[in-house]
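S.K.: my questions concern the predicted model and sequence given below.
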Amino acid sequence: MQYSKITRTMVRIGVCVASASSILVLVGPTSAAAHELSPTYQPGNSHFSIQLTGREIPEGGDPDGQGSATLDLKPQEEQACFSVIWSRLQGQVTALHLHVAARGSEGPHWIDFFNNQNFPGAQSTAAGCVPTPRDKINAVIDHPAGYYLNVHSTAFDKGALRGQLSQ
């Protein structure tokens, strides 16, 4: 089958336009994404593993309780994610917070992971992510030793388990 010169020219133009469009589609979003992923802030460690014990609570926590937690702080997504496991706690676990204070001191809540819950203290786990402003996340990443994780229970409302963050 023979195509006219005009038809062949139109096909060539169509192929060129399609190729150029494909290149723009592939290159365009990559450039935009690269721009979004290059923040001026250069974060340090944003993953923390924390041992939790009642001995860390200044006024005394649950002496038999034990636990561990991980925190993944995501400044670009403005999310703070946690996973916590505990065992042998008296009462029900009611809250999990990140507080601001050095070891041996008590301080205010910095990030509330959960409040007013009722998990079994004998043994349980909890995990999730909470929206958190980027500046709060960056403050923790910049100076983790100034923050501690606190598991609150019905038997120890000021804290059953605590663990100081470290680098």
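M.R.: Yes, it's here. Note that the structure is predicted; figures quoted are calculated from it, not measured.

S.K.: strands along this structure, start to end?
M.R.: Taking DSSP state E to define them, one finds strands in the chain at 47-53, 66-74, 79-87, 92-100, 109-114, 119-120, 123-131, 147-153, 161-164.

S.K.: how far off centre is the last one?
M.R.: Looking back up the chat, that one is strand 161-164. Distance of strand 161-164 from the chain centroid (Cα atoms, centre = their mean, to the nearest Å) equals 18 Å.

S.K.: pick the most deeply packed of the strands of the chain.
M.R.: Mean neighbour count (mean count of other Cβ atoms under 10 Å) peaks for strand 147-153 among those, with a mean of 26. The C-beta positions use only the backbone N, C-alpha and C, and glycine is treated the same way.

S.K.: related to what we said a few turns ago, to residue 137, which of the strands of the chain lies closest?
M.R.: Counting by Cβ to Cβ, residue 137 lies closest to strand 66-74 out of those; the figure is 4.7 Å.

S.K.: in the chain, which helix or strand is least confident?
M.R.: When each helix and strand of the chain is scored by mean pLDDT, DSSP states H and E, helix 5-36 comes last, with a mean of 43.

S.K.: I'd like the strands of the chain as TSV, with distance to residue 59 appended.
M.R.: Conversion of the strands of the chain to TSV gives the following (distance: least, Cβ to Cβ, whole Å):
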stretch	distance to residue 59
strand 47-53	14
strand 66-74	18
strand 79-87	19
strand 92-100	14
strand 109-114	17
strand 119-120	22
strand 123-131	24
strand 147-153	12
strand 161-164	11
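
S.K.: now the ones you listed as TSV including mean pLDDT?
M.R.: Output for the strands of the chain, formatted as TSV (pLDDT from 0 to 100):
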stretch	mean pLDDT
strand 47-53	95
strand 66-74	96
strand 79-87	96
strand 92-100	96
strand 109-114	96
strand 119-120	92
strand 123-131	95
strand 147-153	96
strand 161-164	96
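
S.K.: nearest to residue 141, out of these?
M.R.: Of all those, strand 66-74 sits nearest to residue 141, with 6.0 Å by Cβ to Cβ.

S.K.: so what are the sheet partners of the closest one and their directions?
M.R.: Strand 66-74 has these partner strands in its sheet, going by DSSP bridges: strand 47-53 (antiparallel), strand 79-87 (antiparallel).
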